[in-house]
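Visitor: No letters, just coordinates:
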């Protein structure tokens, strides 16, 4: 039992770091544009599929860079072509449009590269490592390390760079930021690009670990759970939520899956969503919405 | 706003309350109804398409009441349809109840589920409610897969009404048509009643409605209940029509289709759900027909044939919403206004 929990903790942290990265993109987009992007899973899918296709022609590192550029381009395009005309439209229309966007991206990915699981060429050393006596696939360790580095890079970017500060300002209070000369359009465009890039990196990391197939898109829903747990408009919350979902899914989901009902692991995230929404709808770190008439 | 001929004034309350208030609408509706009743004559082998459109229009009517009129976003409507379908299957298969009993009972069971799901909506709002209903959708799917033993497939006996057994699509069409028209008329009238007005007050600002004396919990739960009842009718019809139901027919994709239908049709229009259902199903049927042709012209598309529906569906949805966020009902209204005034600009 102790072994199971420790192993769940280590593996959960590793997969949770990737969830955290994906959730970060999700929360960032929501915070700056107030759009609940239900196509986020498809952005993850996009990263995974494109990187795998590119590794057939170029070395792995170059493929990752190209994928990130493509993801940023996709983000900019989506913002410019689809989201900008819909600015100010009702919530539901925007949600439906993100769902439709997800359909298009998933359809294109599966249509071009097929639905079967594909694996990256062995770019990273394989085998299993032992951390404090707990076996874990070494790919998982590298993914977790990469995700942690990227989280740090994102944090530095938002802390010190001009674009990052402008984005935080816009997220904090759109109107005020706008009067002080922050271009909201540019902020929205950057938010989409970053969300898309975070998703793509998540797709590559998960793809290295588990292989790429269309089921990768469902990771977007786990990121949703992470964001709900942490609070929709809190970026640290999204990161912590990602780790928490990774651990809960691996330990609680894995335990129930093996001992009580089969197949529970995949819906753990939704049980968490429902529980959090019932107990604390604004999440752990989200701002509580006080309504006034 | 509709333009009316001069001298045509409303002089009684009955005239004022009429849904079909001009001769144009009355004749138009009569022609539409006649066309639908005679559909087996002109629809040919596409009668199955009308059946599907009708069944989904019933479900979409319920979602329109919930989302369009009460403002509660639900991404789990297909889960209610699944509950209706499976309870209907259970009632008519295991308990041997006839269709005319199984359908209302199954719908009532779904209604109860709707009330329960609606209770948290007092606390969870907007986007959060959308996410909660999405979670409900996945949990229901999961529960049904396990309750039916892994496969999730269940067979349903054919409909028989008073000793007359429905065997073909054409015969089933009339079963659908009766319920379809009834559901549409009931929804159109409900939104003008005390309940419907309360729904709209809740949608526009729930706390303000509460201050005006509208019991929020009651009306929100009722809206979920009614929406679920509609979905239950649709699910029960679907189960008896297909005779073999699987959980895949009611997955999250179907829920999204439902929301797409009411948004495409027009959220706050009585015609919206019907137009939306017709649009979505005619589009996917059209794609199924032209897909082989596209493949012969562009053989390079070979791999993309299956997801073609998803891509075209998504692109159409995005284009339509950017072009006219009010949906098809708004497009029709604009068209009518243009025709009313033609050839003048205003």
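Guide: Perfect, I can see it now. Because the structure is predicted, anything quoted here is derived from the model rather than measured.
Visitor: Please list the residues outside stretch B:216-227 that contact it.
Guide: By Cβ atoms under 8 Å, 6 or more residues apart in numbering or on different chains, the surrounding residues in contact with stretch B:216-227 are B:62-63, B:65-66, B:69-70, B:72, B:74, B:77, B:80, B:111-112, B:114-115, B:117-119, B:121-122, B:190, B:195, B:198-199, B:202, B:206, B:209-210. No exception for glycine: its C-beta is placed from N, CA and C like everyone else's.
Visitor: tell me which element the residue sitting nearest the centre point of chain B falls in.
Guide: Central residue of chain B (Cα atoms, centre = their mean): residue B:60, 1.5 Å from the mean position. Using DSSP states H and E, the element containing residue B:60 is helix B:47-63.
Visitor: So is the following helix or strand past that helix next to chain A?
Guide: Helices and strands here follow DSSP H and E; after helix B:47-63, the next one along the chain is helix B:77-93. No. Using Cβ under 8 Å from any Cβ of the partner chain, helix B:77-93 never reaches chain A; the gap is at least 11.8 Å.
Visitor: what separates helix B:77-93 from the chain centre, distance-wise?
Guide: With Cα atoms, centre = their mean, to the nearest Å as the basis, helix B:77-93 stands 16 Å off its chain's centre.
Visitor: How about residues contacting whichever helix or strand comes after it?
Guide: Next helix or strand after helix B:77-93 toward the C-terminus (DSSP H and E): helix B:99-118. Helix B:99-118 has contacts (Cβ under 8 Å, 6+ apart) with B:72, B:76, B:80, B:83-85, B:87-88, B:91-92, B:97, B:133, B:136, B:159-162, B:220-229, B:231-233, B:235-237, B:240.
Visitor: got the buried residues for helix B:99-118?
Guide: B:99, B:102-111, B:113-115, B:117-118 (16 or more other Cβ atoms under 10 Å in any protein chain shown).
Visitor: That one to helix B:47-63, inter-axis angle?
Guide: Interaxial angle of helix B:99-118 relative to helix B:47-63 (axes from the mean of the first three to the mean of the last three Cα atoms, to 10 degrees): 40 degrees.
Visitor: Which neighbouring elements make contact with the helix or strand following helix B:99-118?
Guide: Later in the chain than helix B:99-118, the nearest helix or strand by DSSP H and E is helix B:126-147. Packing partners of helix B:126-147 (3 or more Cβ pairs under 8 Å, 6 or more residues apart in numbering or on different chains; DSSP states H and E): helix A:91-113, helix A:219-230, helix A:268-279, helix B:77-93, helix B:252-265.
Visitor: Tabulate the ones you listed in TSV, adding columns for distance to residue A:26, mean neighbour count and mean pLDDT.
Guide: As requested, the helices and strands packed on helix B:126-147 are arranged in TSV below (distance: least, Cβ to Cβ, whole Å; neighbours: other Cβ atoms under 10 Å in any protein chain shown; pLDDT from 0 to 100):
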stretch	distance to residue A:26	mean neighbour count	mean pLDDT
helix A:91-113	11	22	86
helix A:219-230	5	28	87
helix A:268-279	13	20	88
helix B:77-93	24	28	93
helix B:252-265	18	25	90
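Visitor: follow-up on the earlier one: over to the nearest residue to the residue nearest to the centre of chain B once chain neighbours are set aside. Which of the three states is it?
Guide: Once flanking residues are discounted, residue B:60 sits nearest to residue B:273: 3.5 Å by Cβ to Cβ, 6 or more residues apart in numbering or on different chains. What DSSP: H, G, I helix; E, B strand; the rest coil gives for residue B:273 is helix.
Visitor: so what pLDDT did the closest residue to chain A within the stretch 51-200 of chain B get?
Guide: As assessed by Cβ to the nearest Cβ, chain A sits closest to residue B:135 within the stretch 51-200 of chain B, at 4.0 Å. We have a pLDDT of 92 for residue B:135.
Visitor: where does the stretch 101-250 of chain A come near chain B, residue by residue?
Guide: Going by Cβ under 8 Å from any Cβ, the residues of the stretch 101-250 of chain A near chain B are A:101-104, A:106-108, A:110-112, A:114, A:221, A:224, A:228, A:232.
Visitor: Just give me the closest of those to residue A:269.
Guide: residue A:221 (6.3 Å; Cβ to Cβ).
Visitor: Perfect, that will be all.
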